[in-house]
Structures are given as structure tokens and as C-alpha cells.
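Q: give me a model of this one.
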Amino acid sequence: MTLKNYQRIKLGLAFVLAFIFSQAIIHKNYLIPIAVMLVSSLVLMWLRRRVKGVIADERDYATGGKSALLAIQIYAWIATLSMFILYALRDINPAYEPIAMTLAFSTCILMLVYAFVFRYLSNFKFSAKKNIYLIFVLILSIILAIGTLRLFSGEDDWMCKDGTWQKHGQPSFPAPNVECK
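A: So this is what the prediction gives:
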């Protein structure tokens, strides 16, 4: 496979993913995009191995590493500052507090993932065993995604039925203020 064909397939997959994501959001089905994204990532990894030619050289990888580090640092600063501002304004609007906490935790998770990946890559010698580790990480990600969906599936939530908000389980918060359609 040539590099040009690989890039065309990659672009086509991006269009297909965008279409599937938009339809999934419209139909409120969030499992299909996750599955399609995992499958398309595996297909792209498999196709990339079939490319005859240079996809990237050392300069591209060095530039990519520097830009990734800078992007993570910029995001961390912006998210941290936004978190403090939103948390300070929580008395004005209580909805700011969960947004601030989400920013704080997402920043912490991003920094931890970066640290673990950096440590892993600095100690890991690339070999044929890389595929085993990659498959293990993908399986673990799928298990985590399923577990997360199960934990946050809305067992204790408010559900809209017949134009009114009805309890489903024991929600720890009042019914939404928006109109139930």
C-alpha cells in the first residue's frame, strides 16, 4: 500500500467517524461510536504496517513530542485557571462547581496519563512484544469503558415520562428545572 492510499483511507475513516458520531448523538446512543472508534483505530494500525514508504522521520517524532508536551502544559494552565475562577463563582451559579471539579479531575488525569506514558516509553524497548502490550491496553480500555457506562448509567436519576419528571431510583438531587418533553 502506498502512503497516498493510506492517507486517503485515513481521511475516509475520519468522514465515516464524523457521520457515525453525529448520528449517535442525535439518537442518544453512545456505545456505537466508542466501538467504531476502537475498530477504526485497529484498522488504521493494521493498514499503517502495510504502508511501503516513510510515514514520518525522526524530526517529525521530535516535533510531535515537543508539541504534545507544550499542548498538555497549556491545557493544564488554562484548565487550572478556569477551575479556580469557576469554583470562586460557585455562589453565583451552583452549576459552576461541577464544571470546576470536572476540569480539575480531567487535568489531574491528563497529567498522570502523560507521566505514565512517558515513563513507559522511556523504559520500553520497541520489539515484537509491543503488539501484546497494545492489545492488553485496548482490552483494558474496553473493560474500563464498559465499567464506566455501568457505574454512570443513571440508576438514580430523573426520567422524563408523559411530560413530567419522575424519580428513577433515589436521586440525590432535585428534579431538573428544564421543561420535560
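Q: where in this protein is pLDDT low?
A: For the chain, residues meeting the criterion pLDDT under 70 lie at 124-131, 148-156.
Q: I'd like the next helix or strand past the longest helix seen in the chain.
A: Ranked by residue count and defined by DSSP state H, the top helix of the chain is helix 58-88. With elements assigned by DSSP states H and E, the helix or strand that comes after helix 58-88 is helix 96-123.
Q: same for that next one, what does it pack against?
A: helix 58-88 (3 or more CB pairs under 8 Å, 6 or more residues apart in numbering; DSSP states H and E). (Glycine included, C-beta is placed from N, CA and C.)
Q: list the buried residues for the helix it packs on?
A: Going by neighbour count (16 or more other CB atoms under 10 Å), the buried part of helix 58-88 is 76, 79, 83, 86.
Q: what do you get for stretch 101-108?
A: Under 16+ other CB under 10 Å, the buried positions of stretch 101-108 are 103-104, 107.
Q: save those residues as JSON lines, and put in distance to residue 66 too.
A: Shown next, in JSON lines, are the buried residues of stretch 101-108 (distance: CB to CB, whole Å):
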{"residue": "103", "distance to residue 66": "25"}
{"residue": "104", "distance to residue 66": "26"}
{"residue": "107", "distance to residue 66": "20"}
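Q: okay, domains of this structure per the record?
A: 1-55, 58-124 (automatic domain parsing).
Q: need the ones you listed in CSV with distance to residue 166, can you?
A: CSV is the format used below for the domains of the chain (distance: least, CB to CB, whole Å):
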stretch, distance to residue 166
domain 1-55, 18
domain 58-124, 23
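Q: to residue 144, which of these lies closest?
A: domain 1-55 (11.0 Å; CB to CB).
Q: off-centre distance for the closest one?
A: Averaged C-alpha coordinates place domain 1-55 at 15 Å from its chain's average position (CA atoms, centre = their mean, to the nearest Å).
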